[in-house]
Structure formats: C-alpha cells, structure tokens
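Visitor: Starting from these lines, generate the structure:
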Amino acid sequence: MKQQKKANVMDEREKLRKFRELDDAFAQALQQLDDPNHRLDIPTGPPVASAQSQRKEESERLFEERLETLMREYQFAPESVVALLESLTDKPGVP
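Guide: The predicted structure follows:
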C-alpha cells in the first residue's frame, strides 16, 4: 500500500513539474509576442503563388492543351510546329 502511495505522489510531482514547464514556455511565448522587436520563427508552408502567377500558369496550360489538340487534329509533328514558330517569331530554338 505504501508503494502505491509513493508512486501516486511521484506521479503528482511529475505532473506538476510538466505543468510548470508548459506554463513557463507559454509565458515566454506570450512575452515574445508582446515584444515588437522579436522575430518569430514560425514554420510556414511553401510560399503561396500570387494570383497573377496562377493566372499566367493557367493560361500557359490552356495554350499548351489547345496547341496539342490542334497538332493532333492537323497531324503536325512537334518539329514542324517549332519550325513554324521560329519562322513567325524570328527566334531560333523556340519550343
């Protein structure tokens, strides 16, 4: 019976110790939030693309899909499309 009581006392002490650690960490975090000169190192996800870059990517994707459809429809090889684009733009190596 005494061993159970000792184990319970130790468990309560351990719980209190952990609670104090958590409370101290929370208090420190609140102090850092109040400090305007402190830079928070909050992990964030990958950068979010701007709406303009998303529209550009969508436009490019739609253009590529339409070009591929036309190439299949008119049975153009990719090389002939590149040659056509080069002649229209005067830029060699246009993909």
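Visitor: how about the helices of the protein, start to end?
Guide: Secondary structure of the chain (DSSP state H): helices located at 2-34, 51-73, 78-89.
Visitor: for the longest one, packing partners?
Guide: Counting contacts by 3 or more CB pairs under 8 Å, 6 or more residues apart in numbering; DSSP states H and E, helix 2-34 is packed against no other helix or strand. Just so you know, the C-beta spots here come from the backbone N, C-alpha and C atoms, and that holds for glycine as well.
Visitor: tell me the mean pLDDT over that helix?
Guide: Averaged across helix 2-34, pLDDT comes to 80.
Visitor: One more: the shortest one?
Guide: The average of the pLDDT scores along helix 78-89 is 85.
Visitor: ditto for the second one
Guide: Per-residue pLDDT values across helix 51-73 average out to 90.
Visitor: That helix - contacts with which helices or strands?
Guide: Judged by 3+ CB pairs under 8 Å, 6+ apart, the packing partners of helix 51-73 are helix 78-89.
Visitor: Please state the offset of the helix it packs on from the chain centre?
Guide: Taking the mean of its C-alpha atoms, helix 78-89 sits 37 Å from the chain's own mean (CA atoms, centre = their mean, to the nearest Å).
Visitor: can you dump the C-alpha coordinates of that helix into PDB?
Guide: In PDB, the C-alpha atoms belonging to helix 78-89 read as follows (Å, rounded to 0.1, in the frame of the first residue of the first chain):
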ATOM      1  CA  PRO A  78       6.400  18.900 -82.900                       C
ATOM      2  CA  GLU A  79       9.400  19.700 -85.100                       C
ATOM      3  CA  SER A  80       7.200  21.300 -87.800                       C
ATOM      4  CA  VAL A  81       5.400  23.400 -85.100                       C
ATOM      5  CA  VAL A  82       8.800  24.600 -83.700                       C
ATOM      6  CA  ALA A  83       9.900  25.500 -87.300                       C
ATOM      7  CA  LEU A  84       6.600  27.400 -87.800                       C
ATOM      8  CA  LEU A  85       7.000  29.300 -84.600                       C
ATOM      9  CA  GLU A  86      10.700  30.100 -85.400                       C
ATOM     10  CA  SER A  87       9.700  31.500 -88.700                       C
ATOM     11  CA  LEU A  88       6.900  33.600 -87.100                       C
ATOM     12  CA  THR A  89       9.000  34.900 -84.300                       C
END
